[in-house]
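>>> structure of the sequence below:
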Amino acid sequence: MTRQSFKPIVEPRQPIRSEFRGLEQLAWLMDRAIKIPGTNITVGLDALLGLLPIGGDVLTGLIQAGIVLVAMLHYRVPRAVATRMVANVLLDTALGAIPFVGDAFDVVFKANTRNLKLLQQAQAQHSKHPEVTTWRSVAVLAFLGFALLGMFALLIIGLVTVVAWLFHRPIV
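Next up is the predicted model:
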């Protein structure tokens, strides 16, 4: 029995199946919508929103979690693929939150495109060997969404606390 690898294939570009068109457009918008003039480097809303100091990466993490949720519920990806997709979201959100380093990482990593490639590979494999996801996997993703919302709330609370502290400290 051969073991199937679910690593994303970045090149060569495969034709888009009509069932993935909406997710492909969202991944394109988040990862590759804008080409930097004079280079072959593309960026999307993920990298641009990541420049926002408070919550930009959390917001893009929620969008990425939504893509993974659609993959789990609508396309019924296997648990191993869903785990890889969630790991991509967590890695992109966690490292993307680091100033400057995270912005460069967002330009290079392109988590949405990687997750779409994983979904396409899983669907190709699924046509050969059907496998369904469990509700436990959906619960893990729901927890991820709540964790990202909690991170966003903590960022807002921290910002309000720092601003309040700045206004109440004596000016020397």
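
>>> what helix or strand is G102 located in?
The secondary structure element spanning G102 is helix 101-109 (assigned by DSSP states H and E).

>>> helices and strands around that helix, which ones?
helix 45-49, helix 79-96 (3 or more CB pairs under 8 Å, 6 or more residues apart in numbering; DSSP states H and E). Glycine gets a C-beta too; all of them are placed from N, C-alpha and C.

>>> can I get these in CSV including mean neighbour count?
Converted to CSV, these look like this (neighbours: other CB atoms under 10 Å):
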stretch, mean neighbour count
helix 45-49, 22
helix 79-96, 20
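
>>> possible to save the ones you listed as JSON lines with mean pLDDT and distance to A153?
Putting the helices and strands packed on helix 101-109 into JSON lines (pLDDT from 0 to 100; distance: least, CB to CB, whole Å) gives the following:
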{"stretch": "helix 45-49", "mean pLDDT": "87", "distance to A153": "18"}
{"stretch": "helix 79-96", "mean pLDDT": "85", "distance to A153": "15"}
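
>>> how about low-confidence regions in the protein?
Scanning the chain with the threshold set as pLDDT under 70 gives 1-19, 54, 126-134, 137, 170-172.

>>> repeat that with 50
With pLDDT under 50 as the threshold, the chain has low-confidence stretches at 1, 9-13, 15.

>>> could I get the full set of strands for it?
With DSSP state E, the ranges of strands along the chain come out as 34-35, 42-43.

>>> which residues are contacting the last one?
For strand 42-43, the surrounding residues in contact (CB atoms under 8 Å, 6 or more residues apart in numbering) are 31-36, 106-107.

>>> then stretch 143-160 to PDB, C-alphas only?
Coordinates of each C-alpha in stretch 143-160 appear next as PDB, following Å, rounded to 0.1, in the frame of the first residue of the first chain:
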ATOM      1  CA  PHE A 143     -11.900  26.100  18.100                       C
ATOM      2  CA  LEU A 144      -9.400  27.700  15.800                       C
ATOM      3  CA  GLY A 145     -11.900  30.300  14.700                       C
ATOM      4  CA  PHE A 146     -12.800  31.100  18.300                       C
ATOM      5  CA  ALA A 147      -9.100  31.200  19.200                       C
ATOM      6  CA  LEU A 148      -8.500  33.700  16.400                       C
ATOM      7  CA  LEU A 149     -11.400  35.800  17.600                       C
ATOM      8  CA  GLY A 150     -10.000  35.700  21.100                       C
ATOM      9  CA  MET A 151      -6.600  36.800  19.800                       C
ATOM     10  CA  PHE A 152      -8.300  39.700  18.100                       C
ATOM     11  CA  ALA A 153     -10.200  40.600  21.200                       C
ATOM     12  CA  LEU A 154      -7.000  40.500  23.300                       C
ATOM     13  CA  LEU A 155      -5.300  42.700  20.800                       C
ATOM     14  CA  ILE A 156      -8.100  45.300  21.100                       C
ATOM     15  CA  ILE A 157      -8.000  45.100  24.900                       C
ATOM     16  CA  GLY A 158      -4.200  45.500  24.900                       C
ATOM     17  CA  LEU A 159      -4.500  48.500  22.500                       C
ATOM     18  CA  VAL A 160      -7.100  50.200  24.700                       C
END
